[in-house]
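S.K.: how would this look folded up:
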Amino acid sequence: MRISEAKQCIIELYKNTDCVTALVSERGVGKTSAFQQCAQELDIGYMGLYAAAMEGPDFMGLPDKDREKGITRYLAPQFLPTCTAVAEGIFPEKGLLVLEEINRVPTDTVSVLYPLLLERKINGHQLAEGWKIGVTMNPDTLNYAVNSLDDAMLDRFTAIEITANLDDYITYSLKNGPCDDVLDYLTACPDMLLRVKKAADSTATSKSPTPRGWSRVQQLLNNCSLPEKLMQELISGILGPETAASFFGYLKNREYTIPSAEQLVTDYNAVRPQMAKLTEGGRLDMLSLVLRKVVSLLDGSEIQCKNLDVMLSDLPEEVQLLFFKLLADAKPELFLGIAQQTSIFSTLSNQILQLLS
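M.R.: The predicted structure follows:
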């Protein structure tokens, strides 16, 4: 399942059930980010715990004497959004409590978590009604040092297996500091977004690309000024030497360059030759990336719409239709206002309606 699809499921499960949602995937695909984004979209709280670094007593809480009744009670852990903690304003009324790497948790700690995952309470402390639980885990393969969870534990989860998807990754990147060179390379070589190593190759020094790694590379390229040799060494340390060599080799030998999205919507004539080369070369993959970048910047201003109108008139019809679909999906509130300012909208309106229906 794609991350965008998994997020839809997480939101529906949060709203309508008490299920414990488990996201399962290879490393660096975005399990934690998916839960965080869902919390943001729902406008609720988020508490992430690296469960593998915690022990049973951390969850059980410290014992405290109740001298009046002659019994021992347990104090609730600081990180647990209990009914009392919510009532006292320590946590918001609603949220997601996510236990990271649940299948790296020591066996004796796993047994402590059973009542929390099944009954939403632990040692007399009830999880607040508006808080739901999620967990993340890597698959139980030779590539990962994880513990096998028994059927009793797995039965408590609604498991969702997610995979890396380039469209989802580009959408995420466009909102979080994109680097044109990286997105250009991945568009041309989508199989390099994630490479799953064979068990025999899984060592500390045999790194391979992941979406998380590519995000670090984008941050590095956007913010650091280093000689190419040093930059390649650093990227080798993130993605592995083979991927780094492939990436830099592509940048040196590529025939096309991706024009600046900002220039496309503010000074289109300055980058018109680059767009013409992509169109004449039939690079629909690159044109799709360009349109997604453009859509991410659109705010409906007059200058943008004027440049957009000229750009769309240069594109083949199938790419024009793709633009309107991307705009409707990403910014439905701006769709009609922007579309009506383009000269091709009236000509393509019937096809656009069919495409969007």
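S.K.: in stretch 288-302, which residues are buried?
M.R.: Neighbour-count burial for stretch 288-302 flags 288-296, 298 (criterion: 16 or more other CB atoms under 10 Å). (Each C-beta comes from the backbone N, C-alpha and C, glycine too.)
S.K.: send the alpha carbons of that stretch over as CSV?
M.R.: Provided in CSV are the C-alpha atoms of stretch 288-302 (Å, rounded to 0.1, in the frame of the first residue of the first chain):
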residue,chain,number,x,y,z
SER,A,288,5.0,15.7,-15.1
LEU,A,289,7.6,16.6,-12.5
VAL,A,290,7.7,20.2,-13.7
LEU,A,291,3.9,20.5,-13.5
ARG,A,292,3.8,19.2,-10.0
LYS,A,293,6.4,21.7,-9.0
VAL,A,294,4.4,24.5,-10.6
VAL,A,295,1.2,23.4,-8.9
SER,A,296,2.9,23.5,-5.5
LEU,A,297,3.8,27.2,-6.0
LEU,A,298,0.5,28.4,-7.4
ASP,A,299,-1.5,31.0,-5.4
GLY,A,300,-3.7,32.4,-8.1
SER,A,301,-2.0,35.7,-8.5
GLU,A,302,-2.3,37.5,-11.8
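S.K.: give me the contacts around it.
M.R.: 170-171, 174-175, 178, 180, 183-184, 187, 258-259, 261-262, 264-265, 275, 278, 304, 308, 311, 319, 322-323, 326-327, 330-331, 334, 337-338 (CB atoms under 8 Å, 6 or more residues apart in numbering).
S.K.: switch the buried residues of stretch 288-302 over to TSV; also include distance to C38, secondary structure and pLDDT.
M.R.: Listed next are the buried residues of stretch 288-302 as TSV, based on distance: CB to CB, whole Å; DSSP: H, G, I helix; E, B strand; the rest coil; pLDDT from 0 to 100:
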residue	distance to C38	secondary structure	pLDDT
S288	26	helix	90
L289	26	helix	89
V290	29	helix	91
L291	27	helix	93
R292	22	helix	91
K293	25	helix	90
V294	27	helix	93
V295	23	helix	93
S296	21	helix	91
L298	25	coil	93
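S.K.: what about the residue nearest to V112 when sequence neighbours are not counted, distance to L149?
M.R.: Closest residue to V112 apart from its sequence neighbours, by CB to CB, 6 or more residues apart in numbering: G56 at 4.0 Å. Remark: distance between G56 and L149 (CB to CB, to the nearest Å) = 16 Å.
S.K.: same check, this time on A39
M.R.: A39 is 25 Å from L149, by CB to CB.
S.K.: of the contacts of stretch 288-302, grab the buried ones for ChimeraX.
M.R.: The buried residues among the contacts of stretch 288-302 can be selected in ChimeraX (16+ other CB under 10 Å) with this line:
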select :170,171,174,178,180,183,184,187,258,259,261,264,265,275,278,304,308,311,319,322,323,326,327,331,338
